[in-house]
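In: sequence and predicted structure below; questions after.
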Amino acid sequence: MSAEPKDVRFPLMVTRTEAAAIDEYRFANRIPTRAEAIRRLLAIGLAAEGKPLPQRDGQPGQE
């Protein structure tokens, strides 16, 4: 986990299909919360676009 505090709330609405895909990713990767799964998926997407987030203790999907 990152040492940086998670103090910014970011409301997000998704479709049932998107929620199911997030949950599938979460369970397949043994991620404890949906929020953490979304953070990891966000990092993977940004890295794929060539804009990786700073390293967060070796979490998958981050450069």
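Out: Thanks, I have it. Numbering: from 1, shown residues only.

In: packing partners of the lowest-mean-pLDDT helix or strand in the chain?
Out: Least confident helix or strand, the chain: helix 34-48 with a mean of 96, by mean pLDDT, DSSP states H and E. Packing partners of helix 34-48 (3 or more Cβ pairs under 8 Å, 6 or more residues apart in numbering; DSSP states H and E): helix 16-28. (C-beta placed from N, C-alpha, C; glycine too.)

In: average model confidence for the helix it packs on?
Out: Averaged over helix 16-28, pLDDT sits at 98.

In: other residues contacting that helix?
Out: Residues outside helix 16-28 that contact it (Cβ atoms under 8 Å, 6 or more residues apart in numbering) are 14, 31, 33-34, 36-38, 41.

In: buried subset of the residues you listed?
Out: Buried subset of these (neighbour count, 16 or more other Cβ atoms under 10 Å): 31, 37-38, 41.

In: okay if I get those as a markdown table plus distance to residue 20?
Out: Below are these laid out as a markdown table (distance: Cβ to Cβ, whole Å):
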| residue | distance to residue 20 |
| --- | --- |
| 31 | 15 |
| 37 | 12 |
| 38 | 13 |
| 41 | 13 |
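
In: tell me which of those is nearest to residue 7?
Out: Nearest to residue 7 out of these is residue 38 (Cβ to Cβ; 16.2 Å).

In: find the nearest non-adjacent residue to the closest one, please.
Out: In this structure, residue 38 finds its nearest non-sequential neighbour in residue 22, 6.2 Å apart by Cβ to Cβ, 6 or more residues apart in numbering.

In: what about the one you found, distance to residue 35?
Out: Using Cβ to Cβ, to the nearest Å, residue 22 is found at 10 Å from residue 35.

In: repeat that for residue 10.
Out: Distance from residue 10 to residue 35, by Cβ to Cβ: 9 Å.

In: so for these two, which sits in the more crowded spot?
Out: Neighbours were counted for residue 10 and for residue 35 using other Cβ atoms under 10 Å; residue 35 has more, 14 against 9.

In: count the residues that sit near residue 52.
Out: Other residues close to residue 52 by other Cβ under 10 Å number 14.

In: so it is in which element?
Out: Secondary structure assignment for residue 52, by DSSP states H and E: no helix or strand.

In: good, wrapping up.
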